[in-house]
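>>> Got a predicted structure here, sequence first:
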Amino acid sequence: MPAWRLVAGVAGLALALTAAGAVVGGEGPEGPEGPAAPAAAAGRDPGAWAELGAGYVEEARVSGDPSRYTRAEDAFARSLRLRQADDNPEALAGRGALAAARHDFPAALRDAERALAVNPYSERALAVRIDALVELGRYGEALSAARQADARRPGIPVFTRFAYVHELRGDAKEARRILELALSSAARPADIAYTATALGQLAWNEGAYEEALRHCAHALRAEPGNLEARECRARALAGTGDPAGATREFEEIVERSPLPGRLVALGELYEAGGERRRAEQQYAVVGTWTGLARAGGVNPDLDTALAAADHGDRAEALRAARAEWQRRRTVHTEDALAWALHRSGRSKEALAHAGRATSTGYRNATFLYHRGMIQRAVGDKAGARASLSRALALNPAFSPLGSREARRALDALERP
């Protein structure tokens, strides 16, 4: 049973929470030692230190290496020592993006608000505020923040977040319309790749695998090495019935960026193909990443809960899910807690959380699958049949293992 689409390491976050750095503030780091502007060159320039910090955040996002966050933290602190916060919105917004990347969303929101008090038109701060509100489950406020950002600084960072808020509220049609407009206005390769990948993710989420492949190809023409686009392509390949192609793609991706969602995806592809030992190796690396993430100041509880519920220590999965749910109430934390409770034999308690996970109208096959399996466990056969059928109708290849389990459960429910 799957944790196929983890909300991991800021993308996870589903694509919208890319810590503002993916689109706001440059095209990313250069060279094996970090961002192109070395610390020595920053000198006593607070703006240079703020940009250096943003570069480290982006580098961590791309590589999956949370040790870069400590360097980012130091760079932002240096910037704020050189120029006070009430005159340094760049450092505040960058520090907010760092907090979001570490999954400290209250801190991200505080820094974004402080930055906007200094500069109401700060693109990075506007984006971080939307991200933080989304990840705190404050979807109505996130929509208002997106509208305000669109009025102040319309552009790719705002458009893509605006689209994601609509998707979470169940309006995938409006999300697609906004993303298509964003793509038509994108000029930089990074913006084209980011927006086309978002369209590919949206298509994959609705089972339109050939469409997802077209969008991913568009993204990769703009940025041939874009890992999010390659991940989207891998998932779409699995959906079109090419697990070998999906496996090869994920093998190359995790070699460069071993984030939990990618490790679990590859492990499940191995397991679905009968390679249990190789699958276990991938699941084990998630634990290694978790330790590194904590050392880098990242809160990995949501990632831990999803991965461990299916492929690890279920008691640890429940602990992590409860801890994250106490911090923030989002559709993702509700789903993670529901699934961890169910996998721990507490399906009656899980049912209310599964219902809340799907209450906004967000169309997510994994959420529906989880709800259906929980309904089946508590004896609600009609509800289970409806939820599992909807999951498979929406995205029949939402997970190599989960899709198979959903079909088996549905077949059992259909038998007299």
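Cool, got the structure.

>>> Please report the number of neighbouring residues for the closest residue to Ala391 other than its chain neighbours.
Nearest in space to Ala391, with sequence neighbours left out and distances taken as Cβ to Cβ, 6 or more residues apart in numbering, is Leu368 at 3.7 Å. For glycine as for every other residue, the C-beta is placed from the backbone atoms N, C-alpha and C. Leu368: 26 surrounding residues under other Cβ atoms under 10 Å.

>>> Run through the residues that contact Leu368.
Neighbour list for Leu368: 358, 387-388, 390-391, 394 [criterion: Cβ atoms under 8 Å, 6 or more residues apart in numbering].

>>> how about a cut-off of 6 Å?
387, 390-391 (Cβ atoms under 6 Å, 6 or more residues apart in numbering).

>>> residue ranges of the helices in the stretch 251-400 of the chain, please?
260-272, 276-295, 301-311, 314-327, 331-343, 347-357, 365-377, 381-394, 400-414 (DSSP state H, counting those that start in this stretch).

>>> how about these in a markdown table, adding distance to Leu109 and mean pLDDT?
Shown next, in a markdown table, are the helices of the stretch 251-400 of the chain (distance: least, Cβ to Cβ, whole Å; pLDDT from 0 to 100):
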| stretch | distance to Leu109 | mean pLDDT |
| --- | --- | --- |
| helix 260-272 | 24 | 96 |
| helix 276-295 | 21 | 93 |
| helix 301-311 | 18 | 92 |
| helix 314-327 | 13 | 96 |
| helix 331-343 | 16 | 98 |
| helix 347-357 | 22 | 98 |
| helix 365-377 | 25 | 98 |
| helix 381-394 | 32 | 98 |
| helix 400-414 | 33 | 96 |
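
>>> Just send those helices back as TSV, with distance to His215 too.
Listed next are the helices of the stretch 251-400 of the chain as TSV, based on distance: least, Cβ to Cβ, whole Å:
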stretch	distance to His215
helix 260-272	19
helix 276-295	26
helix 301-311	25
helix 314-327	31
helix 331-343	23
helix 347-357	26
helix 365-377	18
helix 381-394	18
helix 400-414	22
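
>>> quick one: which of these is nearest Tyr164?
Tyr164 lies closest to helix 331-343 among the helices of the stretch 251-400 of the chain, at 12.0 Å (Cβ to Cβ).

>>> tell me what the closest one is packed against?
Helix 331-343 is packed against helix 301-311, helix 314-327, helix 347-357, helix 365-377, with contacts defined by 3 or more Cβ pairs under 6 Å, 6 or more residues apart in numbering; DSSP states H and E.

>>> ok, Arg83 to Ala77 distance?
As for Arg83, its distance to Ala77 is 12 Å (criterion: Cβ to Cβ, to the nearest Å).

>>> These two: which has the busier surroundings?
Taking other Cβ under 10 Å, Arg83 and Ala77 do not tie; Arg83 has more neighbours (17 against 14).

>>> wait, the more buried one sits on Asp45?
No: Arg83 is beyond contact range of Asp45, at 9.3 Å (criterion: Cβ atoms under 6 Å).

>>> just for the chain, where's the confidence low?
Where the chain drops to pLDDT under 70, the residues are 1-41.

>>> rerun at 50
Scanning the chain with the threshold set as pLDDT under 50 gives 1-34, 36-37.

>>> Could you give the number of residues near Leu168?
25.

>>> meant to ask about Gly47
Using other Cβ under 10 Å, Gly47 has 14 neighbouring residues.

>>> Not counting its neighbours along the chain, what's nearest it?
Nearest non-adjacent residue to Gly47, counting by Cβ to Cβ, 6+ apart: Glu90, 5.9 Å away.

>>> circling back to that earlier point, and the contacts of Leu368, which of them are buried?
Among the contacts of Leu368, those scoring as buried are 387, 390-391 (criterion: 16 or more other Cβ atoms under 10 Å).

>>> Need those residues in JSON lines (columns: distance to Glu324).
Shown next, in JSON lines, are these (distance: Cβ to Cβ, whole Å):
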{"residue": "Ser387", "distance to Glu324": "23"}
{"residue": "Arg390", "distance to Glu324": "26"}
{"residue": "Ala391", "distance to Glu324": "23"}
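
>>> for the residues you listed, which one is nearest Ala187?
Ala391 (38.2 Å).

>>> Distance check, the closest residue to Glu324 other than its chain neighbours against Ser347.
Once flanking residues are discounted, Glu324 sits nearest to Asp301: 4.2 Å by Cβ to Cβ, 6+ apart. As judged by Cβ to Cβ, Asp301 and Ser347 stand 22 Å apart.

>>> count of neighbours near Glu174?
Summarising burial for Glu174: neighbours were counted as other Cβ under 10 Å, giving 15.
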